[in-house]
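> Just a sequence and a predicted model for now, questions to come.
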Amino acid sequence: MNLKNLKDHLVALSEQLAPYQQIWDREILGVYPEGLASYNEAWLTDLARLSHDQLWQLEARESYPSLPAGELRDLLKLLHSLTQLKTISITPQKPLPSWAFFHVKEKKKHEIEVLMGELSSLKERLDFKHIIDIGAGQGHLSRILSHYLGLSVSCIEQNPELIELGLKRQDKYPLPDGGRTFDFLNLQINGLSSLTDRIGLLSPDSFLLGLHTCGPLAVYQLQSLLHSKARGALNFACCYGKMTDQKTMNLTGLIPFELSPFALTLASRSHARLSYQDFCFKERVKLYRYGLHLYCHEFRPELGFVSVGNSGFKDYYAPFAHYLKSKLPGKISADEGEIQAWFLRPRIQDQLRKMFLANIVRWQFGRALECLILVDRALYLKENGLEVELAEYFEEGLSPRNIGLLAYRCSPTRAD
Ligand SMILES: C[S@@+](CC[C@H](N)C(=O)[O-])C[C@H]1O[C@@H](n2cnc3c(N)ncnc32)[C@H](O)[C@@H]1O
């Protein structure tokens, strides 16, 4: 990716997002009722025309073409095109013994299978000798890379319990011929110096791998690459909501707005496969949650915004009045019949519907916000002399945080 393309991409994303900041930067409930005014009436009318099935497909990010021609459709089309990236396809590997993936979830297995092929070819291409797996968890990825591809790997992990699990697992099954063991360093990375100050940890032969590095850890990984002589890095970010320092969300300084915690949560939105049943359940949860807010707004405004946790499945299939009373024990004096009649009034049902549809619109901005953060990181590394590539590595339905940022030095600075 060249500097100009990246810069143009960042500018296009921020120009596209800026006019809709009132939508993506705030949650509908947090600014009720004014927040709804940011949603064009015509968009909500277009959405109201869709069948339930089509709404589900839109929410699941599977299709927007079902929308009638108009502003909303054009907006979604543009967001879609700005978030399209090259995709990495899986390289078939020799079969592994049955125990290699024992107790490894389908999502993790898929990620590892993709990364096996990718890291083998990157090793050839970039000629690194050692991988440092940052935020390795119990080291499933490192175990497969070292045991079955014979790569030299060290893991860094802050949680000693995960390290213990990883070490036990390493000893449990036979090491194949040509396989290597891997080691762990129990370390909490708090900034650039955590890695770069460790003499010998980052050499020109090192490659920094971070699979789902939470919040700022991704930035620490990339900055450590930049400020060391390491050969390259591949990072998959996650949990953007854990970032609190605006500087880490705008490394180039080119993003013309700040990202609120709500925007960051939206950037980490799940794009995982959403079944029709999940969609129907999500709708019920939203309608009850919005209903509770509307009820308080009308009858108990002194309560302000009420935070309520999730309820059990069956609570959302009980009458709304029952849900409301269980969420606000002792605070609602009206009887269940009155509450239920209020909830079923056309005025309330219309308002709830609008909020539900508006939330579907808001949801569509999640991927663009994520791309904004990642293109900014890529551009920052590029401006500092590294080669960068952004691509989708995993099947989005299985592993939603699937964008990998690869950065490397074209001509390595060898210490010797
Ligand atoms: C989402 S998990 C990913 C684990 C593993 N890479 C995987 O994909 O299965 C993130 C891991 O990073 C670790 N972690 C988070 N912040 C860290 C930090 N600042 N320093 C070291 N480890 C950290 C967490 O304890 C956790 O195990």
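Sure thing, it's come through. Residues are numbered from 1 along each chain as shown.

> drop to CA atoms for contacts and neighbour counts, all remaining ones
OK.

> What are the phi and psi values at the closest residue to residue 315 other than its chain neighbours?
Counting by C-alpha to C-alpha, 6 or more residues apart in numbering, residue 323 is the residue found nearest to residue 315 once chain neighbours are left out, at 6.0 Å. Recorded main-chain torsions at residue 323 are phi -60, psi -50, according to degrees, to the nearest 10.

> Quick one, grab the pLDDT at residue 323.
On the pLDDT scale, residue 323 is placed at 95.

> Does residue 236 belong to a helix, a strand or coil?
Following DSSP: H, G, I helix; E, B strand; the rest coil, residue 236 is assigned to strand.

> For the residue nearest to residue 315, grab the count of nearby residues.
Residues contacting residue 323 under the criterion other C-alpha atoms under 10 Å number 20.

> okay, and for this protein, where does confidence drop off?
Within the chain, the ranges that satisfy pLDDT under 70 run 271-272, 411-416.

> Contact partners for the most centrally placed residue in it?
The centroid of the chain falls nearest to residue 268 when counting by C-alpha atoms, centre = their mean (3.2 Å). The contact partners of residue 268, by C-alpha atoms under 8 Å, 6 or more residues apart in numbering, come to 238, 239, 240, 241, 366, 370, 401.

> Report the separation between it and the ligand.
Computed as C-alpha to the nearest ligand atom, to the nearest Å, the residue 268 to the ligand distance reads 12 Å.

> Could you find the closest non-adjacent residue to residue 60?
Here the nearest residue to residue 60 in space, its sequence neighbours aside, is residue 274; by C-alpha to C-alpha, 6+ apart that works out to 5.6 Å.

> burial count for that neighbour?
The tally of other residues near residue 274 (other C-alpha under 10 Å) stands at 18.

> ok so, going back, from the contacts of residue 268, which is closest to the ligand?
residue 238 (7.1 Å; C-alpha to the nearest ligand atom).

> tally of neighbours for the nearest residue in space to residue 14 that is not next to it in sequence?
With sequence-adjacent residues excluded and distances taken as C-alpha to C-alpha, 6+ apart, residue 14 is closest to residue 255, at 6.5 Å. Here the count is done by other C-alpha under 10 Å, and residue 255 has 19 residues near it.

> Repeat that for residue 207.
Neighbourhood size, residue 207 [other C-alpha under 10 Å]: 29.

> Helix, strand or coil: sort out it for me.
On the basis of three-state DSSP, residue 207 is classed as strand.

> who are the neighbours in contact with it?
128, 129, 130, 131, 132, 230, 231, 232, 233, 234.

> rewinding a little: among the contacts of residue 268, which are in helices?
366, 370 (DSSP state H).

> Against the ligand, how distant is residue 6?
The span separating residue 6 from the ligand equals 27 Å under the rule C-alpha to the nearest ligand atom.

> re the thing from before, touching, the residue nearest to residue 315 and residue 312? I think so.
No - the pair residue 323 / residue 312 is not scored as a contact, 10.2 Å apart, by C-alpha atoms under 8 Å.

> Give me the helices and strands touching the helix or strand containing residue 292, please.
With elements taken from DSSP states H and E, the one containing residue 292 is helix 276-299. Here helix 276-299 touches helix 52-59, helix 320-327, helix 346-363, going by 3 or more C-alpha pairs under 8 Å, 6 or more residues apart in numbering; DSSP states H and E.

> relative to helix 52-59, how tilted is the longest one?
Helix 346-363 and helix 52-59 are oriented at 40 degrees to each other (axes from the mean of the first three to the mean of the last three C-alpha atoms, to 10 degrees).

> Give the other helices and strands that helix 346-363 contacts.
For helix 346-363, the packing partners by 3+ C-alpha pairs under 8 Å, 6+ apart come out as helix 41-48, helix 52-59, helix 276-299.

> Columns distance to the ligand on top of those, output as TSV?
Below are those laid out as TSV (distance: least, C-alpha to the nearest ligand atom, whole Å):
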stretch	distance to the ligand
helix 41-48	35
helix 52-59	25
helix 276-299	23
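
> With residue 104 as the reference, name the closest of the ones you listed.
The closest approach between residue 104 and any of the helices and strands packed on helix 346-363, judged by C-alpha to C-alpha, belongs to helix 276-299 at 23.8 Å.

> Could I get the CA-only coordinates of that closest one as CSV?
Extracted as CSV, the C-alpha positions of helix 276-299 are listed here (Å, rounded to 0.1, in the frame of the first residue of the first chain):
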residue,chain,number,x,y,z
TYR,A,276,-32.4,-15.2,12.2
GLN,A,277,-33.2,-16.5,15.7
ASP,A,278,-30.5,-14.4,17.2
PHE,A,279,-31.8,-11.4,15.3
CYS,A,280,-35.4,-12.0,16.6
PHE,A,281,-34.1,-12.3,20.2
LYS,A,282,-31.9,-9.2,19.8
GLU,A,283,-35.0,-7.3,18.6
ARG,A,284,-37.0,-8.4,21.7
VAL,A,285,-34.2,-7.4,24.0
LYS,A,286,-33.9,-4.0,22.4
LEU,A,287,-37.7,-3.4,22.4
TYR,A,288,-37.9,-4.2,26.1
ARG,A,289,-34.8,-2.2,27.0
TYR,A,290,-36.1,0.8,25.0
GLY,A,291,-39.6,0.3,26.5
LEU,A,292,-38.1,0.6,30.0
HIS,A,293,-36.3,3.8,29.1
LEU,A,294,-39.4,5.3,27.5
TYR,A,295,-41.6,4.3,30.5
CYS,A,296,-39.1,6.0,32.9
HIS,A,297,-38.8,9.0,30.7
GLU,A,298,-42.6,9.5,30.8
PHE,A,299,-43.5,8.5,34.4
